[in-house]
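In: can't give you the sequence, but here's the structure:
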């Protein structure tokens, strides 16, 4: 297979793995480009299992990148959130919308993946997302099958504990409801109807990265979230265009003032039983919004 064909065939897969591992679409794109620059010097005809070869390359590079990024995360100002992937608004329930949702990891799940150690994350993704068996994972990571099983057994309960067995990525109809209620609240200044769509123990997380004003600590509970939102409303935070978009497959908002994107807002962890959201995410760090056109 020619290199151009390999790029076309495997770029989406490799970029998806890197994005889930790193939480940065910009870094994921750069890493995939570097992989294929390296592949120009590899005799492809001698590679027996090209998919496994490429997946091993991307996962090892992700692990190396995460090791070097650990110190940066430790000194990061406030909560660290992944970069959002923005899609044009697609009608809810359409075939196109379903495809986007199936191919995109939810923002809430991406946040949860970042709570795992790098090795737990890669083993979990290879097993859960790519359905590799433990023998294949062991070969890719140069570990024993028993070790890979042990790592997975540590990662799986962590995700279940964070996510909850009855919690899933917000359904399109639910996330549309959150967006509609948030827009109405941002016009009236009364956020009580919006916070009633959140569970009692909901959390609002803001990521400004020390570059812009943002809450340094997560805000816990409906009443505190309401007070916070009404407080920043009074400072003119939402005196802007609130543009509905899909953020990682779910409905969200872009806050645009004078043609400049200031914030992406999304919601996560909707309960299948209550239909309420557990998280509200404000991504304000300009570095994490610069890839959005």
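Out: Perfect, thanks for sending it. What you see is a predicted model, and the numbers here were worked out from it, not measured in a lab.
In: what values do phi and psi take at residue 24?
Out: Phi and psi for residue 24, reported as degrees, to the nearest 10, are phi -130, psi 120.
In: burial measure for it, as a count.
Out: For residue 24, the neighbour count with other C-beta atoms under 10 Å is 19. C-beta: built from backbone N, CA, C; applies to glycine.
In: cool, residue 135 as well?
Out: The burial count for residue 135: 10, using other C-beta under 10 Å.
In: so residue 262 sits in a strand?
Out: Yes. Secondary structure of residue 262 (DSSP: H, G, I helix; E, B strand; the rest coil): part of a strand.
In: how about the contacts made by it?
Out: Residues near residue 262 by C-beta atoms under 8 Å, 6 or more residues apart in numbering: 212, 240, 255, 256, 284.
In: switch to 6 Å and redo it
Out: Counting by C-beta atoms under 6 Å, 6 or more residues apart in numbering, residue 262 touches residue 255.
In: cool, the one 3 residues further on as well?
Out: By C-beta under 6 Å, 6+ apart, residue 265 lies in contact with 252, 253, 282.
In: which SS class is it?
Out: strand.
In: residue 244 belongs to a strand, doesn't it?
Out: Yes. Assessed with three-state DSSP, residue 244 lies in a strand.
In: burial measure for it, as a count.
Out: Neighbourhood size, residue 244 [other C-beta under 10 Å]: 15.
In: okay, it: pLDDT?
Out: We note a pLDDT of 95 for residue 244 in this prediction.
In: before we move on, what about residue 158?
Out: In this prediction, residue 158 carries a pLDDT score of 89.
In: ignoring the adjacent residues along the chain, who's closest to it?
Out: Once flanking residues are discounted, residue 158 sits nearest to residue 116: 6.1 Å by C-beta to C-beta, 6 or more residues apart in numbering.
In: do the same with residue 251
Out: Closest to residue 251 by C-beta to C-beta, 6+ apart is residue 175, at 3.8 Å.
In: list the contacts for that neighbour?
Out: With C-beta under 6 Å, 6+ apart, residue 175 has these contacts: 250, 251, 267.
In: and those residues, which are buried?
Out: 250, 251, 267 (16 or more other C-beta atoms under 10 Å).
In: of those residues, closest to residue 233?
Out: Checking the buried ones among the contacts of residue 175 against residue 233 with C-beta to C-beta, the nearest one is residue 267 at 17.6 Å.
In: returning to what we had before: so which of the contacts of residue 265 is the most crowded?
Out: When neighbours are counted by other C-beta under 10 Å, residue 252 leads the contacts of residue 265 with 28 neighbours.
In: residues touching the strand or helix carrying that one, excluding its own?
Out: Secondary-structure assignment from DSSP states H and E places residue 252 in strand 250-257. Under the contact criterion C-beta under 6 Å, 6+ apart, strand 250-257 has outside partners 170, 175-176, 179, 240-243, 245, 261-266.
In: state the mean pLDDT of it.
Out: 94.
In: pull the number of nearby residues for residue 291.
Out: 14.
In: residues touching it, list them.
Out: Residue 291 neighbours (C-beta under 6 Å, 6+ apart): 25, 26.
In: just the buried residues of stretch 210-227, please?
Out: 214, 215, 219, 221, 222, 225, 226.
In: each with direction, which strands does the strand holding residue 252 pair with?
Out: strand 241-247 (antiparallel), strand 260-268 (antiparallel) (DSSP bridges).
In: ok, now which ones touch the residue lying closest to residue 181 once chain neighbours are set aside?
Out: Spatial nearest neighbour of residue 181, excluding adjacent residues (C-beta to C-beta, 6+ apart): residue 194 at 4.4 Å. Contacts here follow C-beta under 6 Å, 6+ apart; on that basis residue 194 touches 181, 182, 185.
In: now the host helix or strand of the residue nearest to residue 251: buried residues?
Out: If you go by DSSP H and E, residue 175 is part of helix 172-188. Neighbour-count burial for helix 172-188 flags 172, 174, 175, 176, 177, 178, 179, 181, 182, 183, 185, 186 (criterion: 16+ other C-beta under 10 Å).
In: noted, bye for now.
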